[in-house]
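> Give me the fold of what follows.
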Amino acid sequence: MNRLLELKNVAHFFGQRLIFKDINLKINSGQIYILAGPNGAGKSTLLKIMAEIIAPSQGKVNLALARDRIAYLGHQTFIYSSLSALGNLNFWNSLYGLGLGEDELIQILNRVGLKTFVYEKAGNFSRGMAQRLSLARVIMLKPGLLFLDEPGTGLDKDSRGQLISEITAARKRGAGIVWITHDREDFSFADHIFFLQGKKIIFSGSGKEFSLAKAAAAEEAEGKSAF
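I've put the predicted structure just below:
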């Protein structure tokens, strides 16, 4: 595994309000990382700092990849409503100089479950379909480091399965993936979990370790309620 990203003593403020502090973490190649925590904990802000979209108020971000090897999938899909699904992919294909042919682009759309909507305007898409098209745009780039801010939003069970399949395929080819989620239960596909709460990372470890820690916390809380 290669080190792709490291945060050292990162803190961030919105005005005078502290969002988080003392963030130290490392992201390696070929690993899926879950960034979890309650609403308002600052997960999206931390992800943007990791992707160098915004700068931290304090601390250092050491990124070992060139910008064109990084992809970010946030709440904004960057989909052009007047273009078809294929037209959207072809736009990004041309912008990045990937040189992919139409058959290759259609194959990517098929991978995210949009083969039957290749020529339909994206403006007619549901939120879930737009999210899948945005995912197609991201995986088309074959990034070395991929940031995902709640990518499962608006996806049905089958679409979520396709999403996880694509993410695990990216891990297999050596990419590092950081995935934000609110769902504390669905961590089975991840290699490492960071839990952000109370302005700091309160847990960093494997999914198995997280499950044990959560069970211990629940048992402790139940014991206290008995008195």
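> and the longest helix along the chain, what does it pack onto?
The longest helix of the chain (DSSP state H) is helix 207-225. Helices and strands touching helix 207-225, by 3 or more CB pairs under 8 Å, 6 or more residues apart in numbering; DSSP states H and E, are strand 192-197, strand 200-205. Heads up, the C-betas are built off the backbone N, CA and C, glycines and all.
> what angle do that helix and strand 200-205 make?
120 degrees (axes from the mean of the first three to the mean of the last three CA atoms, to 10 degrees).
> List the buried residues for helix 207-225?
By 16 or more other CB atoms under 10 Å, the buried positions in helix 207-225 come out as 207, 210.
> same question, stretch 72-82
Of all the residues in stretch 72-82, those buried under the rule 16+ other CB under 10 Å are 72, 73, 74, 77, 79.
> Let's see which of those end up in strands.
If you go by DSSP state E, these have 72, 73 in strands.
> is it possible to export the buried residues of stretch 72-82 to TSV including pLDDT and distance to residue 218?
TSV is the format used below for the buried residues of stretch 72-82 (pLDDT from 0 to 100; distance: CB to CB, whole Å):
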residue	pLDDT	distance to residue 218
72	92	34
73	89	32
74	84	32
77	74	37
79	89	41
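> so which of the buried residues of stretch 72-82 comes closest to residue 188?
Using CB to CB, residue 73 comes nearest to residue 188 of those, at 20.7 Å.
> that older thread, go through the helices and strands packed on helix 207-225 and pick out the most buried.
Counting by mean count of other CB atoms under 10 Å, strand 192-197 has the highest mean neighbour count of the helices and strands packed on helix 207-225, with a mean of 21.
> Can you pull out the residues in contact with that one?
Defining contact as CB atoms under 8 Å, 6 or more residues apart in numbering, one finds that strand 192-197 is touched by 20, 25, 31-38, 41-43, 46, 187, 201-207, 210.
> now swap in stretch 90-109 and tell me
By CB under 8 Å, 6+ apart, the list of residues contacting stretch 90-109 from outside reads 68, 80, 83, 85-86, 89, 115, 117-118, 133, 136-137, 139-141.
> can you tell me which of those residues lies nearest to residue 153?
Among the contacts of stretch 90-109, and counting by CB to CB, the member closest to residue 153 is residue 133, at 13.7 Å.
> so how far is residue 8 from the closest residue to residue 79 other than its chain neighbours?
Once flanking residues are discounted, residue 79 sits nearest to residue 122: 4.8 Å by CB to CB, 6 or more residues apart in numbering. With distances taken as CB to CB, to the nearest Å, residue 122 is found 40 Å from residue 8.
> The two: which is more packed in?
Neighbour comparison, residue 122 and residue 8: the larger count goes to residue 122, with 22 against 15 (by other CB atoms under 10 Å).
> Could you pull out the strands in the protein for me?
Applying DSSP E to the chain gives strands spanning 3-14, 17-28, 31-36, 58-63, 70-73, 145-149, 176-181, 192-197, 200-205.
> I figured residue 160 hits residue 153, correct?
No - at 10.0 Å, residue 160 does not count as touching residue 153 under the criterion of CB atoms under 8 Å.
> Those two - which one has more neighbours?
Comparing residue 160 with residue 153 by other CB under 10 Å, the one with more neighbours is residue 160, at 15 against 12.
> Of all pairs in the buried residues of stretch 72-82, which one spans the longest distance?
Taking CB to CB as the measure, the buried residues of stretch 72-82 span a maximum distance of 14.5 Å, between 72 and 79.
> Neighbours of residue 90, how many?
Applying other CB under 10 Å, I find that residue 90 has 17 neighbouring residues.
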